[in-house]
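Engineer: fold the following and give me the result.
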Amino acid sequence: NFTDPKLPERLAQPGRHLTALDLSYCLYVCDETVKSLLETCHQLVELNLSFCSSLSEHVFEYGINPAGSNLPGSQLRSLSLSGCCNLTSSTVRCITYLCGDRLQQLDISWCRDIDSSVLWYLAGLQFLTDTLTDEENLVVARTLSSSDGQLSIWLGWLRVLGTLKLSLLPRRVFIPSLVSLDVSGIDLFTFHKSVVSAAFEAFVYCAGDRLQRLVLSSSDLPEEALRLMAPHISNLSSLSLIQCVKLECETLAEVARHCQHLKCIDLKGVSHVGNDGVVSLCNASRNQLRMLSLGESCITEEAVSCITDACASTLEELDLSWCEDLTDQGLAQFCVHCRSLRQLRLRRCHADSCTLSALVSFRHTYLHTLNLSSIDLLMDCHVIEVSRCMPVLRVIDISWNSDVTNTGISALLSNCPLLSSCCLDGLKRVTAVPFWPMVVQITEQDTTRVIWTPQLSDLVESTLSGGAALPLYRSSIFAANLACLSLHYCDLVDDGQLLVLACAARRTLSIVNYYGDEVRFPLHSKLEELTTEFEDLHIHS
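Structural biologist: A predicted model of the protein is given here:
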């Protein structure tokens with residue numbers, strides 16, 4: 001909720017040495033603010049403006065100037081504009097003119113008005129015209145696609161100059177240095193198929209060999225585009241193809257043949273991918289793979305041994321959510337063999353007795369993120385054992401498990417002191433009782449005591465009416481690191497008691513209530529001091 005128009009002035013002195021700035025979700029940051037910051041912070045190389053919805057397509061417009069190397073912002077190496085809904089392909093063109101070959105990381109995901117024409121600009125190509133019509137794009141595409149894919153594409157241009165305007169002749173302005181590109185959520189395929197193919201070909205030929213991280217998330221991504229790119233992106237270490245539903249195993253096998261240094265593979269939502277495609281990628285990156293996300297894929301137990309044989313010793317992050325063709329025994333094999341896991345997600349999997357036993361028996365002491373949402377047989381005993389054998393657990397999701405009660409939640413909060421995020425959505429048997437020890441009172445003897453009773457929330461009204469009050473605080477020893485608590489659709493959790501918890505936490509804890517709304521920290525000063533009719537449990541700090 002950034003509203004300070006004087007931020008550039010406030011950064012005038014410290015901004016001289018500022019190299020990285022994150023303004024993500026600052027909804028009131030506008031074009032003038034960004035330009036002023038770039039003029040002030042001459043050493044800024046990393047800028048995050050994600051979801052700054054007030055930015056317009058003209059935010060980097062002075063980049064059209066050919067002498068962009070001396071303009072504010074020309075020193076940027078990393079730029080994130082994810083979710084900036086007003087940006088267009090023209091914005092990307094300005095960015096490439098401004099930063100040129102200095103730009104190494106660009107995130108333009110979920111900028112809906114950006115299309116495949118950005119690939120020309122990211123390839124370092126510039127046209128004498130500011131924009132190309134669809135018809136002109138088609139002519140460009142046909143010319144490029146008729147070439148041999150090498151730099152002789154320029155000869156192809158010369159052959160058709162008689163039928164093209166001179167303004168359509170492209171020139172190479174710079175050699176791209178992009179190592180990371182995120183274009184997920186963008187419709188790159190609005191033009192004619194040959195236009196898209198030519199744009200992809202130009203981009204991967206000019207910039208593909210330097211790319212190390214590529215994120216493509218589009219249900220319209222054609223297999224031909226990925227096959228075209230594969231030979232030119234052999235240095236990739238991270239590939240994300242989320243929701244690319246048109247991909248088949250044969251295409252992934254082609255990618256595996258060229259990309260043999262992958263450390264991160266994300267195939268969430270690629271629903272037609274089965275054993276052959278996944279196994280070929282894992283085998284190609286044998287003993288290198290660190291992250292594997294297969295959510296909603298149709299792999300079966302037959303592929304498990306091949307995958308674990310290829311990457312069990314190095315795998316640190318595994319997502320098998322919604323892999324409904326995997327059996328309990330197959331899931332258990334992952335838990336047995338992948339002993340270096342830091343993150344494991346099994347949402348809506350058939351994780352029954354074998355998987356839960358393996359998860360507890362083979363202690364995953366490095367695991368810090370765990371998702372066991374919608375596991376039919378998950379009970380308090382499993383939650384208790386998990387909390388005991390995973391001492392560094394920071395993020396957990398056990399939502400929509402009907403057999404989990406207050407007993408399991410209390411053990412989780414007690415045994416995992418590093419826990420920062422806890423999702424308990426849809427737990428119909430959980431009340432506010434497990435969270436009572438989080439609210440304490442400082443006594444005159446400098447000790448803390450748990451002061452929450454079932455009647456505490458009823459005292460809010462009397463406090464507001466002017467009753468005597470003592471301040472509430474958050475415990476420094478019980479769930480002290482918890483920052484996010486989601487209780488969406490938890491029927492038995494009282495809203496008044498959540499208000500008390502929010503009051504004691506003083507903005508250190510984000511709480512989501514039954515309706516999915518955040519419990520706001522009460523601004524009324526009386527709510528920070530609640531009355532003193534309590535049953536006491538004395539706990540020394």
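Engineer: what residues are up against Ala411?
Structural biologist: If you count contacts by Cβ atoms under 8 Å, 6 or more residues apart in numbering, Ala411 has them with 380, 383-384, 387-388. Backbone N, C-alpha and C define where each C-beta goes, glycine included.
Engineer: one more time with 6 Å, if that's ok
Structural biologist: Neighbour list for Ala411: 384, 387 [criterion: Cβ atoms under 6 Å, 6 or more residues apart in numbering].
Engineer: gap between it and Asn70?
Structural biologist: Taking Cβ to Cβ, to the nearest Å as the measure, Ala411 falls 61 Å from Asn70.
Engineer: cool, Cys111 as well?
Structural biologist: In this structure, Cys111 and Asn70 are separated by 27 Å, where distance is defined by Cβ to Cβ.
Engineer: go on, Leu239?
Structural biologist: The spacing between Leu239 and Asn70, counted by Cβ to Cβ, is 36 Å.
Engineer: for Lys35, same thing?
Structural biologist: Taking Cβ to Cβ as the measure, Lys35 and Asn70 are separated by 15 Å.
Engineer: Leu239 and Asn70: who's more crowded?
Structural biologist: Remark: of Leu239 and Asn70, Leu239 carries more neighbours, 24 against 7, as counted by other Cβ atoms under 10 Å.
Engineer: partner strands of the helix or strand harbouring that one, with direction?
Structural biologist: Leu239 belongs to strand 238-240 when assigned by DSSP states H and E. Sheet neighbours of strand 238-240, with direction, are listed as strand 213-215 (parallel), strand 264-266 (parallel) (DSSP bridges).
Engineer: assign Val255 to helix, strand or coil.
Structural biologist: helix (DSSP: H, G, I helix; E, B strand; the rest coil).
Engineer: doesn't Leu119 make contact with Val92?
Structural biologist: No - the pair Val92 and Leu119 fails to qualify as a contact (Cβ atoms under 6 Å) at a distance of 9.4 Å.
Engineer: what are the phi and psi values for Thr88?
Structural biologist: Dihedral angles phi and psi of Thr88 (degrees, to the nearest 10) take the values phi -130, psi -180.
Engineer: ok, it to Asp325 distance?
Structural biologist: When Thr88 is compared with Asp325 (using Cβ to Cβ), they lie 42 Å apart.
Engineer: quick one: which of those two has more around it?
Structural biologist: The neighbour count for Thr88 versus Asp325, taken as other Cβ under 10 Å, is higher for Thr88 (18 against 15).
Engineer: state the distance from the more buried one to Val183.
Structural biologist: Counting by Cβ to Cβ, the separation of Thr88 from Val183 is 14 Å.
Engineer: try Gly73
Structural biologist: Gly73 is 21 Å from Val183, by Cβ to Cβ.
Engineer: Ile299 now?
Structural biologist: Counting by Cβ to Cβ - Ile299 and Val183 are separated by 26 Å.
Engineer: how about low-confidence regions in the chain?
Structural biologist: Within the chain, the stretches with pLDDT under 70 are 1-9, 11-15, 63-69, 127-171, 190-198, 441-471, 521-541.
Engineer: how about stretch 431-444: buried residues?
Structural biologist: Within stretch 431-444, the residues that count as buried by 16 or more other Cβ atoms under 10 Å are 431-441.
Engineer: residue contacts, Ser340?
Structural biologist: For Ser340, the residues meeting the contact criterion (Cβ under 6 Å, 6+ apart) are Glu316.
Engineer: whoops, Gly274 was the one
Structural biologist: Counting by Cβ under 6 Å, 6+ apart, Gly274 makes contact with 249, 298.
Engineer: burial count for Val430?
Structural biologist: Using other Cβ under 10 Å, the number of residues around Val430 comes to 22.
Engineer: an error on my part: the question was meant for Ser353.
Structural biologist: What Ser353 shows, counting by other Cβ under 10 Å, is a neighbour count of 11.
Engineer: what's the answer for Cys381, then?
Structural biologist: 14.
Engineer: over to the one 4 residues further on?
Structural biologist: Here the count is done by other Cβ under 10 Å, and Glu385 has 19 residues near it.
Engineer: with Gly185 instead?
Structural biologist: By the measure other Cβ under 10 Å, the count of residues near Gly185 is 19.
Engineer: again, but for Ile175
Structural biologist: Ile175 has 12 neighbouring residues, counting by other Cβ under 10 Å.
Engineer: for the one 4 residues further on, same thing?
Structural biologist: Burial of Val179 is recorded as 20 neighbouring residues (other Cβ under 10 Å).
Engineer: what residues are up against it?
Structural biologist: Applying Cβ under 6 Å, 6+ apart, one finds that Val179 lies in contact with 104, 210, 212.
Engineer: give me the distance from stretch 81-94 to the chain's centre.
Structural biologist: Chain-centre distance of stretch 81-94: 19 Å, with Cα atoms, centre = their mean, to the nearest Å.
Engineer: could you tell me which residues within that stretch count as buried?
Structural biologist: Residues of stretch 81-94 classed as buried under the neighbour-count rule (16+ other Cβ under 10 Å) are 81-84, 86-94.
Engineer: contact partners of it?
Structural biologist: Taking Cβ under 6 Å, 6+ apart as the criterion, the residues outside stretch 81-94 that touch it are 49-53, 55-57, 60-61, 63-64, 107-111, 113-115, 117-118, 121.
Engineer: narrow the residues you listed to those in strands?
Structural biologist: Cross-referencing the contacts of stretch 81-94 with the strands (criterion: DSSP state E) gives Asp107 as the overlap.
Engineer: give me the buried subset of the contacts of stretch 81-94.
Structural biologist: Once neighbours are counted (16+ other Cβ under 10 Å), the buried part of these comes down to 49-52, 55, 57, 60-61, 63, 107-111, 114-115, 117-118, 121.
Engineer: just the strands in the stretch 251-400 of the chain please.
Structural biologist: Applying DSSP state E, counting those that start in this stretch to the stretch 251-400 of the chain gives strands spanning 264-266, 291-293, 317-319, 343-345, 369-371, 395-397.
Engineer: just put these in a markdown table and tack on mean neighbour count and distance to Thr251.
Structural biologist: As requested, the strands of the stretch 251-400 of the chain are exported to a markdown table (neighbours: other Cβ atoms under 10 Å; distance: least, Cβ to Cβ, whole Å):
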| stretch | mean neighbour count | distance to Thr251 |
| --- | --- | --- |
| strand 264-266 | 22 | 14 |
| strand 291-293 | 23 | 17 |
| strand 317-319 | 21 | 21 |
| strand 343-345 | 21 | 25 |
| strand 369-371 | 20 | 28 |
| strand 395-397 | 21 | 32 |
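Engineer: Throw these into a markdown table and include distance to Ser475, thanks.
Structural biologist: Shown next, in a markdown table, are the strands of the stretch 251-400 of the chain (distance: least, Cβ to Cβ, whole Å):
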| stretch | distance to Ser475 |
| --- | --- |
| strand 264-266 | 38 |
| strand 291-293 | 35 |
| strand 317-319 | 32 |
| strand 343-345 | 28 |
| strand 369-371 | 24 |
| strand 395-397 | 19 |
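Engineer: closest to Leu482 out of the ones you listed?
Structural biologist: For Leu482, the closest of the strands of the stretch 251-400 of the chain is strand 395-397, at 10.7 Å, according to Cβ to Cβ.
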